[in-house]
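Visitor: Sequence plus the predicted model coming up.
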Amino acid sequence: MGREGSSAAGVSDSVVKKVILSYFYVSVWIFLSFTVIVYNKYILDPKMYNWPFPISLTMIHMGFCSSLAVLLVRGLRLVELPTSPTMTREFYLSSVVPIGALYAFSLWFSNSAYIYLSVSFIQMLKALMPVAVYSISILFSKETFRTSTMANMISISLGVAIAAYGEAHFNAWGVFLQLGAVAFEATRLVLIQVLLSSKGITLNPITTLYYVAPCCLVFLALPWALVELPTLRSTSSFHLDFLIFGTNSSCAFALNLAVFLLVGKTSALTMNVAGIVKDWLLIAFSWSVIRDRVTTINLFGYGIAFLGVAYYNHIKLHALKAKEAQKKTAPNDEEARSLIELGNSEEMGRKNDSQA
């Protein structure tokens with residue numbers, strides 16, 4: 001009796017510890033994601049810090065993150081690179097470079113949107129991510145068309161359209177930039193499945209930065225030289241604030257570590273659900289602290305989109321559970337099949353013995 005009680009207590013303690021750690025990882029990710037978004041808005045917004053150079057800010061992030069990633073991988077050797085298949089030059093150019101290009105444009109466009117749109121409205125537009133991912137997955141034959149799923153995607157799109165209609169400070173160029181960022185990011189996520197996951201390569205956030213961040217710098221260099229460098233040269237009074245940009249870049253890198261912990265210790269689906277909580281917190285913060293105007297139509301439209309995204313995550317969760325259950329029963333089925341085959345062979349042996 002005592003052993004059973006201590007065993008139950010041990011199981012209970014481990015479950016409680018796991019739940020507490022999961023909430024901790026979620027909280028850290030939400031805090032860092034929240035911080036990076038608000039910090040970027042503060043730096044780029046003309047009414048705040050007034051440094052409207054999104055390509056330069058993205059390049060500072062990528063330079064800082066790639067340097068730390070190289071230090072962790074090559075210097076301290078705390079993170080191992082994938083060894084199978086080997087990351088050859090041809091494989092890097094054909095698989096990693098396209099992903100790096102899409103990542104560069106996604107970050108550039110999303111950071112640019114902060115100059116023109118409120119934090120709350122940007123989060124509402126980001127609700128279109130499942131729609132973009134599903135649509136592009138169909139184009140790449142990674143998903144099959146389902147009428148029910150498409151109806152869900154249409155409901156999300158309708159909700160975002162209503163939110164956009166009710167936006168007090170609607171800016172068409174800002175919306176174009178944010179929708180472009182969503183499209184680039186969705187394509188990147190699908191290409192990761194097509195070009196990397198299908199070939200057996202899985203990259204955590206650190207190895208992703210190790211391979212992708214230098215590639216991002218290269219793709220950002222040309223638009224930076226054409227668009228922002230001439231203006232930066234003419235602004236002779238500007239001096240890089242190492243405290244502002246150092247802490248901002250550190251938060252961006254810490255966010256990648258938080259993603260690594262959250263997905264590694266829980267699941268990608270947990271991050272999606274946590275993302276919904278983060279979006280509502282950002283909308284509340286944008287309205288109460290930054291004093292961005294959030295209208296009733298905004299909230300009504302985003303509420304519809306939110307329900308659509310929540311239902312989409314619910315369906316994904318059930319599919320994931322079904323897949324895990326199938327994996328668990330597969331070994332049992334194989335074991336049963338082996339036992340049947342063994343029984344048949346023994347029976348055949350006995351028959352042969354009796355015939356002899």
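Guide: Perfect, I can see it now. Residues are numbered from 1 along each chain as shown.

Visitor: When you work out contacts or count neighbours from here on, use the C-alpha atoms and nothing else.
Guide: Will do.

Visitor: Any stretches of the stretch 251-356 of the chain with poor pLDDT?
Guide: Applying pLDDT under 70 to the stretch 251-356 of the chain picks out residues 267-269, 327-356.

Visitor: redo that, cut-off 80
Guide: 260-261, 263-273, 317, 320-356 (pLDDT under 80).

Visitor: Show me the helices in it, by range?
Guide: For the stretch 251-356 of the chain, the helices defined by DSSP state H, counting those that start in this stretch cover 268-288, 296-355.

Visitor: repeat for the stretch 51-200 of the chain
Guide: 54-70, 89-91, 97-116, 119-125, 129-139, 147-165, 172-191.

Visitor: Which of these comes out lowest on mean pLDDT?
Guide: Lowest mean pLDDT of the helices of the stretch 51-200 of the chain: helix 89-91, a mean of 88.

Visitor: how distant is that one from the center of its chain?
Guide: 25 Å (CA atoms, centre = their mean, to the nearest Å).

Visitor: before we move on, what about stretch 301-320?
Guide: Per CA atoms, centre = their mean, the displacement of stretch 301-320 from the mean C-alpha position of its chain is 16 Å.

Visitor: Ok, stretch 251-261 next?
Guide: Its chain's average C-alpha position is 11 Å from that of stretch 251-261, according to CA atoms, centre = their mean.

Visitor: Residues contacting that stretch, please?
Guide: The list of residues contacting stretch 251-261 from outside it, by CA atoms under 8 Å, 6 or more residues apart in numbering, reads 25, 28-29, 32-33, 35-36, 61, 64-65, 204-206.

Visitor: Is Met62 in contact with Pro214, as I believe?
Guide: Yes - the pair formed by Met62 and Pro214 meets the contact definition of CA atoms under 8 Å, at 7.2 Å.

Visitor: neighbour count winner among these two?
Guide: When neighbours are counted by other CA atoms under 10 Å, Met62 and Pro214 differ, and Met62 comes out ahead with 26 against 19.

Visitor: ok, that one - contacts?
Guide: Residues in contact with Met62, defined by CA under 8 Å, 6+ apart, are Leu209, Ala213, Pro214, Cys216, Leu217.

Visitor: Which of the three states applies to the fourth one?
Guide: Put plainly, it is Cys216. helix (DSSP: H, G, I helix; E, B strand; the rest coil).

Visitor: Look up how far Gln178 lies from it.
Guide: Noted for Cys216: a distance of 19 Å to Gln178, by CA to CA, to the nearest Å.

Visitor: before we move on, the earlier item: please produce CSV containing the contacts of stretch 251-261, extended by distance to Ser137 and secondary structure.
Guide: Formatted as CSV, those follow (distance: CA to CA, whole Å; DSSP: H, G, I helix; E, B strand; the rest coil):
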residue, distance to Ser137, secondary structure
Tyr25, 29, helix
Val28, 30, helix
Trp29, 27, helix
Leu32, 29, helix
Ser33, 26, helix
Thr35, 31, helix
Val36, 29, helix
His61, 29, helix
Phe64, 32, helix
Cys65, 29, helix
Asn204, 22, coil
Pro205, 22, helix
Ile206, 25, helix
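
Visitor: So among those, which ones count as buried?
Guide: 25, 28-29, 32-33, 35-36, 61, 64-65, 204-206 (16 or more other CA atoms under 10 Å).

Visitor: rewinding a little: Leu232: which of the helices of the stretch 51-200 of the chain is closest?
Guide: Closest approach to Leu232 among the helices of the stretch 51-200 of the chain is made by helix 54-70 (9.5 Å; CA to CA).

Visitor: rewinding a little: with respect to Val131, which of the contacts of stretch 251-261 is nearest?
Guide: Ser33 (21.8 Å).

Visitor: before we move on, the earlier item: how about the helices of the stretch 51-200 of the chain in JSON lines, adding distance to Trp224?
Guide: Formatted as JSON lines, the helices of the stretch 51-200 of the chain follow (distance: least, CA to CA, whole Å):
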{"stretch": "helix 54-70", "distance to Trp224": "6"}
{"stretch": "helix 89-91", "distance to Trp224": "26"}
{"stretch": "helix 97-116", "distance to Trp224": "10"}
{"stretch": "helix 119-125", "distance to Trp224": "23"}
{"stretch": "helix 129-139", "distance to Trp224": "27"}
{"stretch": "helix 147-165", "distance to Trp224": "30"}
{"stretch": "helix 172-191", "distance to Trp224": "16"}
